[in-house]
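Asks: here is a sequence with its predicted model. Questions after.
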Amino acid sequence: MQRRTFLASATATLVLALGAGPALAAKVTLDDVLHDPAAPEGGNPKGDLTLVAFSDYNCPFCKKAEPDLDRAVRDDGNIRLVYKDWPILTQASVYGARMALAAHYQGAYERARHALMSITGRGVSQDDMEKAIAAAGIDMPRLAADLEARKQDITALLARNMDQADALGLQGTPAYLIGPLLASTLDYNGFREAIAEARRKQAGDAK
Amino acid sequence: MFSSIKARLALLLLLPLVLFPSVALAETPPPADKVFVLAAGRNNDGALRLSWTVAPGAYLYRDSLKAALAGRDLALAPPPGETKDDPNFGPVEVYHGAVALTLAGLPASGALDVTYQGCAESGICYPPVHSRVDLAALTVAPQPRASLLADASPAPLTSVSTPSAAPADAALAGSLLAVIPTFIGFGLLLAFTPCVFPMIPILSGLLVGAGRPSAARGFALSSAYVLAMASAYGLAGLVAGWSGANLQVLLQTPLVLGLAAAVFVALALAMFGLFELALPSFIVTRIASLPVRGGTLGGAALIGFGSALVIGPCVTPPLAAAMLYAIDTGDAARGGVALFALGLGMGLPLVLAGTFGARLLPKAGPWLAGFRRVFGLIFLGIAAMLAGRLLPPPAGLALWGVWAMIAAAFLGAFDRMDRTNPWNARLTKAAGLSAAFYGAILMVGAAGGAGDPLRPLAFLAGRAATEIAGLPLTPPADFDRVFATEASAGKPVLVLFTADWCTVCKSNEKILAEPAVSARLARTARIAVDITDETADAEALMTRFRVVGPPALFLLDADGREIPGSRLIGALDAADLTARLAAIGA
């Protein structure tokens, strides 16, 4: 199998060099992707497998896959889920990502994310996103305060996410980095299979 | 979009070089500007003509087409697209294959900025593509992807431009409103546990004093006691919730989960009577000898606050469970409120006894034994839940099966009964028998590898689907044998790859069952290959016919060669399929 041979020749560490583009000087390492201290996380913090989800709040496929992702991570119980807001589709996506990340400061990132991912469609407006966040029971005055006070940090995190997505060669949303595997939209069984496959690869790597 | 998982996963190469992006691209989706290709030209009348070629499997959103001249947006009149109506997407107009539009009245030179966006059915949405059209040379140059971040002008929250806390507080209260009655209920249950309940008359007598004052005085005293006790719990909940973030990780460790499960099992055994848990007698004597006899409000409150700490060993585990909840929320206010409500619930019978006298309360009797059993079962359930997080899902399911069996035994499912037994004993036994039956099913499910307590036998259904649209499923190994039979008439054979886990295949089955389609299908030799299990035979067959995954449908001639152009991948279209079937004379 071709892919197996690829893996066998792989080294244990990974340094991703950015391709072309203005950010050429930036070096992104796999460690940056997996362990950004500011990135919100879900699942099991001690999980033996890390799943990184790059998504956009106006990406219908992301919304379609999200419940399956949640369920797969929950059922597995041993996955560290790292959320990367990667707003590339609409201007409102950036707004949604900012709100979700601001909600992280009150420990409510997943609640905000869930609220945003639950609005169907690809053209969700800023207003609708905000309503969904408020309806999810997020402390809105606090959110507004954090949006303002943490603006630099949030922008920096989003910029890092963008750089990392570019370095990974991601073309669009969603993108799931499951251990050493990269996938776009999956259904529940797809996630489970990919997770199992990623563990097999990881086990093979460790030898 | 539901092709085989292996085809959809791209291995990220762990190579520290530039090679990386190119190799990753070999398996990841192609970039947006390769999927949507824009070309420009002039019509005879001089109008600019923009035409897009859309790669197979991808589509362009009609409303995403935009053009701007010197920063000014132009009004475009794109042709109507196909309406795509997906519950996840809402109705949208899209273009498959190709689309073109004309723009009149543009200058002969200059630059036109064009933006467009789309997705691929394989489940990826591309960022908007920006291209610049040279109006003189009619060349199209890709533009760097505009970072939406750059335009991230301050995004004030419109709904909270004036800091009014009302909506958020209301929302918070909304969820808290559910917490309070729940925990009051739990508290009430706890009050009826064997080692709290007998204390109630003693305490109320102690608080109200020998003099038997008015109901109002009794109410005030016992309320002071209960409020103080609830406050103590609330304080504990506040601390637990506040420290939650740090403790959550610890609580996930197998050691802690295992220990907690063991403690709950021991408590369940105590409830079943293996050993006795009671408030230590020295505490009971101490309380009885407290100098607040006939007490004051302050004295009552003081005992209340203190007694929360020594309320008795059998309340500890549920209390610990409530603390776990508080910790789990990681929200100090919520944890505090929850435990305060718990204390309030525990104290309600006491207030009742303090106000109206102990005679209102039910006497300790055989019902308490029943109560203990229920609590024992609940504790065992909690233990199973905790242990289940450590075990593989089928083992966890088996554990629940055992639990249901124990519940059945306690409900008297296996007790002998004769005609003298009253109706309530019969109902209890019926409940017990149901529990036993459910437990047996869970164990069967666990043995079959299931992990979902609500669908323990789902693995049977997976095997039960032996045909689709009236077509028996063929295991990959039998393909050649079945093909030989089907092809014996010398006519083309329709081959269908499907799998149980493939959701598009399910919707395809509906298409295949449509009368117009199924009538033609009935006249066609056909084989449905089931590749639910990724066996070596399945892989071999998939490689042989270059099927990346289900659903795939194509025609083989009688010699087993694929008829060119007959292949359909993904969701089927009834009209398209009918036309193809008609073409082979079906």
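Replies: Structure received.
Asks: in chain A, which spans are strands?
Replies: In chain A, the segments counted as strands under DSSP state E are A:15-17, A:27-29, A:41-43, A:49-55, A:79-85, A:175-178, A:181-183.
Asks: so can I have a markdown table of those showing mean pLDDT?
Replies: Below are those laid out as a markdown table (pLDDT from 0 to 100):
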| stretch | mean pLDDT |
| --- | --- |
| strand A:15-17 | 32 |
| strand A:27-29 | 76 |
| strand A:41-43 | 94 |
| strand A:49-55 | 95 |
| strand A:79-85 | 96 |
| strand A:175-178 | 92 |
| strand A:181-183 | 87 |
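Asks: residue of the stretch 101-250 of chain B nearest chain A, please.
Replies: Going by CB to the nearest CB, chain A is nearest to B:Gly123 of the stretch 101-250 of chain B, at 2.5 Å. The C-beta positions use only the backbone N, C-alpha and C, and glycine is treated the same way.
Asks: so what's residue 101 closest to, chain neighbours aside?
Replies: Reading this off chain A. A:Ile154 (4.8 Å; CB to CB, 6 or more residues apart in numbering or on different chains).
Asks: try chain B instead
Replies: Using CB to CB, 6+ apart, the nearest residue to B:Leu101 is B:Pro78, at 4.9 Å.
Asks: ditto for A:Gln164
Replies: A:Val33 (4.8 Å).
Asks: for residue 129, what are its contacts?
Replies: Just so you know, I chose chain A. Neighbouring residues of A:Met129 by CB atoms under 8 Å, 6 or more residues apart in numbering or on different chains: A:Tyr57, A:Ala92, A:Tyr95, A:Gly96, A:Met99, A:Leu116, A:Ile119.
Asks: meant chain B, my bad for not saying
Replies: For B:Val129, the contact set (CB under 8 Å, 6+ apart) comprises B:Ala32, B:Asp33, B:Phe36, B:Leu38, B:Thr115, B:Tyr116, B:Gln117, B:Pro142, B:Arg145.
Asks: what is the neighbour count of the nearest residue to it once chain neighbours are set aside?
Replies: Once flanking residues are discounted, B:Val129 sits nearest to B:Ala32: 4.9 Å by CB to CB, 6+ apart. Using other CB atoms under 10 Å in any protein chain shown, B:Ala32 has 25 neighbouring residues.
Asks: you'd agree B:Ala32 is up against A:Gly172?
Replies: Yes: counting by CB atoms under 8 Å, B:Ala32 touches A:Gly172, with 6.6 Å between them.
Asks: identify the contacts common to the two.
Replies: B:Tyr126, B:Pro127.
Asks: any idea how many residues pack against the residue nearest to A:Leu101?
Replies: 25.
Asks: so what pLDDT did it get?
Replies: pLDDT for A:Ile154: 93.
Asks: one more: the one 5 residues further on?
Replies: The predicted structure scores A:Ala159 at 90 on the pLDDT scale.
Asks: how much space between it and B:Ser222?
Replies: Distance, A:Ala159 to B:Ser222, by CB to CB, to the nearest Å: 61 Å.
Asks: please identify which of those two sits among more neighbours.
Replies: B:Ser222 (26 against 16).
Asks: for the more buried one, which non-adjacent residue is closest in space?
Replies: Nearest non-adjacent residue to B:Ser222 (CB to CB, 6+ apart): B:Gly354, at 2.7 Å.
Asks: circling back: how far away is the residue nearest to A:Gln164 from A:Ala39?
Replies: 9 Å.
Asks: who touches both of those two?
Replies: A:Val82, A:Lys84.
Asks: ok, how many other residues are close to B:Asp559?
Replies: Quick note: B:Asp559 (other CB under 10 Å) scores 7 neighbours.
Asks: show the pLDDT at it.
Replies: So, for B:Asp559, pLDDT stands at 82.
Asks: SS state for it?
Replies: The three-state assignment at B:Asp559 reads coil, by DSSP: H, G, I helix; E, B strand; the rest coil.
Asks: name the nearest residue to it, ignoring sequence neighbours.
Replies: B:Ala487 (7.9 Å).
Asks: show the contacting residues for the one you found.
Replies: Taking CB under 8 Å, 6+ apart, one finds B:Val493, B:Ala525, B:Leu556, B:Ala558, B:Asp559, B:Gly560 in contact with B:Ala487.
Asks: my read: the fourth one touches B:Lys491, true?
Replies: Yes: with contact defined as CB under 8 Å, B:Ala558 reaches B:Lys491; the gap is 6.6 Å.
Asks: check what pLDDT B:Leu69 gets.
Replies: Note on B:Leu69: pLDDT of 86.
Asks: ok, it touching B:Val114?
Replies: No: B:Leu69 is not in contact with B:Val114 according to CB under 8 Å; the separation is 10.3 Å.
Asks: and these two? Which one has more around it.
Replies: Between B:Leu69 and B:Val114, B:Val114 has the larger neighbour count (other CB under 10 Å), namely 22 against 16.
Asks: buried ones in whatever helix or strand B:Leu386 lives in, by neighbour count?
Replies: Assigned by DSSP states H and E, B:Leu386 belongs to helix B:366-388. Residues B:368, B:371-373, B:375-388 are the ones in helix B:366-388 that count as buried (16 or more other CB atoms under 10 Å in any protein chain shown).
Asks: packing partners for it?
Replies: Other elements packing on helix B:366-388 under the criterion 3 or more CB pairs under 8 Å, 6 or more residues apart in numbering or on different chains; DSSP states H and E are helix B:254-272, helix B:393-410.
Asks: average pLDDT across it?
Replies: Averaging pLDDT residue by residue across helix B:366-388 gives 79.
Asks: I'd say the residue nearest to A:Leu101 and A:Arg98 touch.
Replies: Yes: judged on CB under 8 Å, A:Ile154 makes contact with A:Arg98 at a distance of 5.5 Å.
Asks: any shared contact partners between these two?
Replies: With CB under 8 Å, 6+ apart, A:Ile154 and A:Arg98 have common neighbours A:Leu147.
Asks: right, and A:Ala115 touches A:Ala135 too?
Replies: Yes: in terms of CB under 8 Å, A:Ala115 counts as a neighbour of A:Ala135; the distance is 6.9 Å.
Asks: settle it for me: which of the two has more neighbours?
Replies: Per other CB under 10 Å, whichever of A:Ala115 and A:Ala135 has more neighbours is A:Ala115, with 24 against 13.
Asks: ok, now how distant is the more buried one from chain B?
Replies: The gap separating A:Ala115 from chain B is 11 Å, by CB to the nearest CB, to the nearest Å.
Asks: show me the contacts for that residue.
Replies: A:Ala132, A:Ile133, A:Ala135, A:Ala136, A:Ile138.
Asks: residue 65: what's it in contact with?
Replies: With no chain named, the answer covers chain A. Counted by CB under 8 Å, 6+ apart, A:Ala65 has contacts A:Pro174, A:Thr185, A:Leu186, A:Asp187, B:Gly123.
Asks: wrong one, chain B
Replies: B:Leu76, B:Pro78, B:Leu101, B:Val114, B:Thr115, B:Tyr116.
Asks: for A:Asp128, same thing?
Replies: A:Ile119.
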